[in-house]
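**Q** predicted coordinates and the sequence they were generated for:
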Amino acid sequence: MGDVIEMSDSHKADAGINSEDHRKNACTMWIRKYFMAGQHVKQKQLEALKNLPPNAPWHQRFLVVNRRFIGPAIPATFLCTCWLAFMIKKQLWHLFAEKYVMTIIMVFVSLFAGMTGISGGVMVFPVMTLALEISPKTARDFSILIQSFGLTAAMFTINFMGFKVDKSALIFCTLGGLGGVVVGLEVLDIHLSPPVKKFMFTSFCFSFGFALFLLNRYRNRRTFTSVIFINVWKAGVLFITGFIGGIFTAIGGSGLDIMSFSIITLLFRVTEKTAAPSSVIVMAMNSLFTFFWRGVIQSDITEDAWVYLLVCIPVVVCGAPIGSVIGSYLHRLVLACFIYVVTTAGLVASFAIIPLTPILIGLSVGVVIGGAIFYISVTLAGARLLIQTERREQKEMVKQPNSDLVLKELQSYNAEVRASVRDLDASRL
């Protein structure tokens, strides 16, 4: 009897050890899945490595093997060299002693922007206006200035690396954004008080977090590499999207990238791999135009904005590429959580720091609820638009010879997509 009890205790001990090992393995797998996902190398890069001759010159081998690091390094090196030459010539090193806090903040902002692909203005504007009590005008100007350098460098990298972008979004969102910036700067900006600007921008960014949540909830959706079957009304939607985004850029220094990314992914079902670089280029051109309008047409960029720019350029042009490398190892849901935290913290800080009035509360609640309803409607409209697109694809497929097998496969896939759409309508929303 004693032996039986001893064996039973031994089995219990083994079971306890196995359970502990299972928990450790589960924890390890969880960490590897979300924080050590590994970098995704493009097929073009793999083919270049595969076709690289064994006796290739060292510089050719270096360029092929390290292409993803050389792309960000070229603009970063160029900008840092120009900045260093200017600082040495003007002897402006004392600015760091006065504005070092902003330099430290931009370390984290640049890493966040590099990891998530969202412009730093989403984080810079709330931090400067709420935590540092800097005027929204200076915060907006600084966001535009730093993005004119950082996003332009990113635009060069995107072109150098050959990333696919949506040309329709680039053209029409950019054109709409130009008009939105002019209206925002010349008409709306002078009539909005600083507290209203702060609440509008933080509420707008929070609503983008909701859009990103919808995007991640609807995972098994069919996507395209660009806006398919572009026509007049789709071009009009992209133009209006750019116009609204340009207005928010004029108010808070960022917004066009958020609007363009949300619409082309939720409504037109463009894959994030195309939408992200497209929104970066659109925002880069919008920042340059806003920079021109504030600096040349209005001649009203604040002196503090220029000072903040000088102490932050080297941090941003180096931190953003490092952040992009770190972000390539993180799961997309982890990156989304970063955005959720930042946008939520900005809205909560607005309520905690800014003296509240019924108008401000109503404005914030209206923007958040209105944004939620808007993005839900856009998501549902995107599902309906997808079905119409599939029907058009089938009609064009029938016209082609020897397409019966392909048509059957397409119909089967579309049936699965429609089932996913029904699930989205019934349970997720």
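**A** Cool, got the structure.

**Q** centre of the chain to the longest helix belonging to the chain, how far?
**A** Secondary structure of the chain per DSSP state H: the longest helix is helix 358-398. Counting by Cα atoms, centre = their mean, to the nearest Å, helix 358-398 is centred 19 Å from the centre of its parent chain.

**Q** name the helices or strands packed onto that helix?
**A** If you count contacts as 3 or more Cβ pairs under 8 Å, 6 or more residues apart in numbering; DSSP states H and E, helix 358-398 packs onto helix 194-217, helix 256-266, helix 332-353, helix 404-423. Any C-beta I mention is one placed from the backbone N, CA and C, and that applies to glycine too.

**Q** need the contact list for K167.
**A** The contact partners of K167, by Cβ atoms under 8 Å, 6 or more residues apart in numbering, come to S226.

**Q** tell me the confidence at it?
**A** Note for K167: predicted pLDDT of 91.

**Q** follow-up on the earlier one: in JSON lines, list the helices and strands packed on helix 358-398 along with distance to S110, mean neighbour count and mean pLDDT.
**A** Putting the helices and strands packed on helix 358-398 into JSON lines (distance: least, Cβ to Cβ, whole Å; neighbours: other Cβ atoms under 10 Å; pLDDT from 0 to 100) gives the following:
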{"stretch": "helix 194-217", "distance to S110": "18", "mean neighbour count": "22", "mean pLDDT": "86"}
{"stretch": "helix 256-266", "distance to S110": "16", "mean neighbour count": "29", "mean pLDDT": "90"}
{"stretch": "helix 332-353", "distance to S110": "14", "mean neighbour count": "17", "mean pLDDT": "86"}
{"stretch": "helix 404-423", "distance to S110": "37", "mean neighbour count": "13", "mean pLDDT": "52"}
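
**Q** ok, the nearest residue to V270 once chain neighbours are set aside - contacts?
**A** Spatial nearest neighbour of V270, chain neighbours left out: I264 (4.4 Å); criterion: Cβ to Cβ, 6 or more residues apart in numbering. I264 makes contact with D166, A169, V227, L238, V270, A275, S278, S279, according to Cβ under 8 Å, 6+ apart.

**Q** quick check, F210 in contact with A372.
**A** Yes - with contact defined as Cβ atoms under 8 Å, F210 counts as touching A372 (5.3 Å).

**Q** SS state for R222?
**A** coil (DSSP: H, G, I helix; E, B strand; the rest coil).

**Q** got TSV for the helices and strands packed on helix 358-398, with distance to V307 too?
**A** Shown next, in TSV, are those (distance: least, Cβ to Cβ, whole Å):
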stretch	distance to V307
helix 194-217	20
helix 256-266	25
helix 332-353	24
helix 404-423	52
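
**Q** F78: which of these is closest?
**A** Taking Cβ to Cβ, helix 256-266 is the member of those nearest to F78, at 23.1 Å.

**Q** what angle separates whichever helix or strand comes after the closest one from helix 256-266?
**A** Next helix or strand after helix 256-266 toward the C-terminus (DSSP states H and E): helix 272-292. Going by axes from the mean of the first three to the mean of the last three Cα atoms, to 10 degrees, helix 272-292 is angled at 150 degrees with respect to helix 256-266.

**Q** tell me which residues of helix 272-292 come out buried.
**A** The neighbour-count check on helix 272-292 (16 or more other Cβ atoms under 10 Å) flags 272, 274-291 as buried.

**Q** how about the helices and strands packed on helix 358-398, which one is nearest L79?
**A** helix 256-266 (20.2 Å).

**Q** what's the angle from that closest one to helix 194-217?
**A** 30 degrees.

**Q** so helix 256-266 versus helix 358-398, what angle?
**A** Using the same axes, to 10 degrees: helix 256-266 against helix 358-398 is 40 degrees.

**Q** looking at the helices and strands packed on helix 358-398, which is closest to L185?
**A** Using Cβ to Cβ, these put helix 194-217 closest to L185, at 12.5 Å.

**Q** and the closest one, what does it pack onto?
**A** helix 121-126, helix 136-161, helix 232-252, helix 256-266, helix 332-353, helix 358-398.

**Q** and it, how far out from the chain's middle?
**A** For helix 194-217, the distance to the chain centre is 13 Å (Cα atoms, centre = their mean).

**Q** okay, now the unreliable bits of this protein?
**A** 1-50, 219-220, 328, 397-429 (pLDDT under 70).

**Q** give me that answer again for 80
**A** 1-69, 115-117, 161-163, 214-222, 273, 321, 323-333, 335, 393-429 (pLDDT under 80).

**Q** thinking again about what came up before, as JSON lines, the contacts of I264 with distance to F338 would be great.
**A** Output for those, formatted as JSON lines (distance: Cβ to Cβ, whole Å):
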{"residue": "D166", "distance to F338": "25"}
{"residue": "A169", "distance to F338": "24"}
{"residue": "V227", "distance to F338": "28"}
{"residue": "L238", "distance to F338": "27"}
{"residue": "V270", "distance to F338": "22"}
{"residue": "A275", "distance to F338": "18"}
{"residue": "S278", "distance to F338": "21"}
{"residue": "S279", "distance to F338": "17"}
